[in-house]
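**Q** please find the sequence and the predicted model below.
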Amino acid sequence: MALVPTSDVAEVEMGSDSSAPTVRATVVQASTVFYDTPATLEKAERLLAEAASYGAQLVVFPEAFIGGYPRGSSFGVTIGNRTSKGKEEFRKYHSSAIDVPGPEVDRLAAMAGKYKVFMVMGVIERDGYTLYCSVLFFDSQGRYLGKHRKIMPTALERIIWGFGDGSTIPVFETPMGKIGAAICWENKMPLLRMAMYAKGVEIYCAPTADSREVWQASVTHIAVEGGCFVLSANQFCRRKDYPPPPDYVFCGTEDDLNPESVVCAGGSVIISPSGAVIAGPNYDGEALISADLDLGEIAQAKFDFDVIGHYSRPEILSLTVRDYPTNPVTFTSEAERTERS
C-alpha cells in the first residue's frame, strides 16, 4: 500500500495571524476489508498509527470505512420485488455493521487515545435492524464524543440505510477548532450546510464515496462558502478488495472487471478557506494525505465573506432546524397520565 508521508505533501502557505493554532490533519484514502469488520478495525489502527507517526493531530477516514460501502450491489431490488439472494446479502451486510455504543466504538476510542489524535470515522451503524451511514467523533483522550447520521441517503442507498434526523448534526468545539461532518451528497444540501455554518464549523469533514472530478468543485465551493477548511476522505478500491463472485457481484459491470480494476479512484483532498487545494486530490492508490491547517486563514476568509455574519440577511432569509430526535412511537405511562389529569 502506497502511503504519502507528510513530507511529500506540498507545504501550506501560512497566514499572518501568529496567534492562531496550526493543526496537522490527515485524510485516509483506503479500502474496507469487506464483510470483515475485525480486519477493517486492524487496518484502521495501522493507518492511524502511520498517520500519528507523521505528526497527525486530526485523522479523517472515508464514508462507511467500518462496515463497508456496498458499491455496485443492488441487493436484489427491483420495484415491487426483493430476491432471496438480495435479502441474504443484506443479512451479511447487517452483520458487518456496528452498534453505537458498542465494543467496536470502545476499540476506536481506545485507538484515538493510544495515538493521541482526534479521529473522525465513517461507519455503518446498526440500530436494531435498521442501518445508518454515520460518522463517529473521538477526541485525543480516547473519548467517544458523538455521531452524525447521514440525513439523506442517495438513490439505492435509501433501500439499505435509514435517514438521520436533526439530533445528529453536531459541531464539536475542540482545542483544534470547531469540527463537524457531512457525508457525501448530503454536502450538496444548502440548508444542511447552512446549519453547520451557523454552528460555527471551522474544520468541515466530508467523507465521501464520490471520486468524480465534479466532487472537487463541490468541496471547493463549501470551503469558500463556509470560510472553513474542508477535509474530504474517500476509499480507493479495486475489484479484489471485495469478495469474489458469487458472494459479491457488481451488477451490470462484473464481466468488465478484473481483480485489479479500479472501482473507486479516491480523490481525497484538503482545501483551505480560500478555496486553495493544499493536499491532494490523490487518484493513485491507497494513501495518507496530510497538510498543516493554519486556522488564522479562517478569519481572512470571513473578512471577505461570512455567510452567517455580515453576508446574512435574516430579515429576508431564515432557516429553522429541528435538532431533536424524532421517534415513531412514544409511550406514556399510566402514572404520568394520572398526574396530568
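**A** Ah, there it is.
**Q** my read: residue 94 touches residue 128, true?
**A** No - applying C-beta atoms under 8 Å as the test, residue 94 and residue 128 come out as separate, 10.0 Å apart. Any C-beta I mention is one placed from the backbone N, CA and C, and that applies to glycine too.
**Q** low pLDDT regions in this protein?
**A** 1-19, 335-341 (pLDDT under 70).
**Q** re the thing from before, quick one: which of residue 94 and residue 128 has more around it?
**A** residue 94 (15 against 7; other C-beta atoms under 10 Å).
**Q** name the helices or strands packed onto whatever helix or strand that one lives in?
**A** Using DSSP states H and E, the element containing residue 94 is helix 84-96. Helices and strands touching helix 84-96, by 3 or more C-beta pairs under 8 Å, 6 or more residues apart in numbering; DSSP states H and E, are strand 118-127.
**Q** give the buried residues for the strand it packs on.
**A** By neighbour count on 16 or more other C-beta atoms under 10 Å, the buried set for strand 118-127 is 118-126.
**Q** among the residues you listed, which one lies nearest to residue 195?
**A** The nearest member of the buried residues of strand 118-127 to residue 195, counting by C-beta to C-beta, is residue 120 at 18.0 Å.
**Q** quick check: that closest one touching residue 61?
**A** Yes - because the distance of 6.6 Å satisfies C-beta under 8 Å, residue 120 is recorded as touching residue 61.
**Q** anything in contact with each of these two?
**A** residue 207 (C-beta atoms under 8 Å, 6 or more residues apart in numbering).
**Q** the residue most central in space within the chain and residue 218: what is the separation?
**A** The C-alpha lying nearest the average C-alpha coordinate of the chain belongs to residue 207 (C-alpha atoms, centre = their mean; 3.1 Å). Applying C-beta to C-beta, to the nearest Å, the value for residue 207 to residue 218 is 13 Å.
**Q** try residue 150
**A** 16 Å.
**Q** residue 255 too?
**A** 32 Å.
**Q** what of residue 243?
**A** From residue 243 to residue 218 the distance is 31 Å (C-beta to C-beta).
**Q** then residue 186?
**A** Distance of residue 186 to residue 218, computed by C-beta to C-beta: 11 Å.
**Q** looking at these two, which is more packed in?
**A** residue 186 (21 against 18).
**Q** so the more buried one touches residue 192, yeah?
**A** Yes - in this structure residue 186 lies within contact range of residue 192 using C-beta under 8 Å: 5.8 Å.
**Q** and the strands in the stretch 1-150 of the chain?
**A** Here the stretch 1-150 of the chain has its strands, by DSSP state E, counting those that start in this stretch, at 22-29, 58-60, 77-78, 81-82, 118-127, 130-138, 144-149.
**Q** biggest helix in the chain by residues?
**A** Across the chain, the longest stretch assigned as helix under DSSP state H is helix 37-53.
**Q** between strand 22-29 and that one, find me the angle.
**A** When axes from the mean of the first three to the mean of the last three C-alpha atoms, to 10 degrees is applied, the directions of helix 37-53 and strand 22-29 differ by 150 degrees.
**Q** ok and helix 37-53 relative to helix 84-96, angle-wise?
**A** Going by the same axes, to 10 degrees, helix 37-53 makes 50 degrees with helix 84-96.
**Q** export helix 37-53 as PDB, just CAs?
**A** Provided in PDB are the C-alpha atoms of helix 37-53 (Å, rounded to 0.1, in the frame of the first residue of the first chain):
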ATOM      1  CA  THR A  37     -15.100  -5.800  10.400                       C
ATOM      2  CA  PRO A  38     -12.400  -7.100  12.800                       C
ATOM      3  CA  ALA A  39      -9.900  -7.000   9.900                       C
ATOM      4  CA  THR A  40     -11.100  -3.500   9.000                       C
ATOM      5  CA  LEU A  41     -10.500  -2.400  12.600                       C
ATOM      6  CA  GLU A  42      -7.000  -3.800  12.400                       C
ATOM      7  CA  LYS A  43      -6.400  -1.900   9.200                       C
ATOM      8  CA  ALA A  44      -7.800   1.300  10.700                       C
ATOM      9  CA  GLU A  45      -5.300   1.000  13.600                       C
ATOM     10  CA  ARG A  46      -2.400   0.500  11.300                       C
ATOM     11  CA  LEU A  47      -3.400   3.600   9.300                       C
ATOM     12  CA  LEU A  48      -3.900   5.600  12.400                       C
ATOM     13  CA  ALA A  49      -0.500   4.700  13.800                       C
ATOM     14  CA  GLU A  50       1.100   5.600  10.400                       C
ATOM     15  CA  ALA A  51      -0.700   9.000  10.400                       C
ATOM     16  CA  ALA A  52       0.300   9.700  14.000                       C
ATOM     17  CA  SER A  53       3.900   8.900  13.200                       C
END
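**Q** touching that helix from outside, list them.
**A** Residues from elsewhere that reach helix 37-53, judged by C-beta under 8 Å, 6+ apart: 3, 26, 28, 30, 32-33, 59, 61, 65-68, 96-98, 104, 107-108, 111-112, 115-117, 119, 121, 288, 290.
**Q** also stretch 148-163?
**A** 70, 74-75, 77, 90, 93, 124-125, 127, 130-135, 137, 164-166, 168-170, 180-186, 189, 192.
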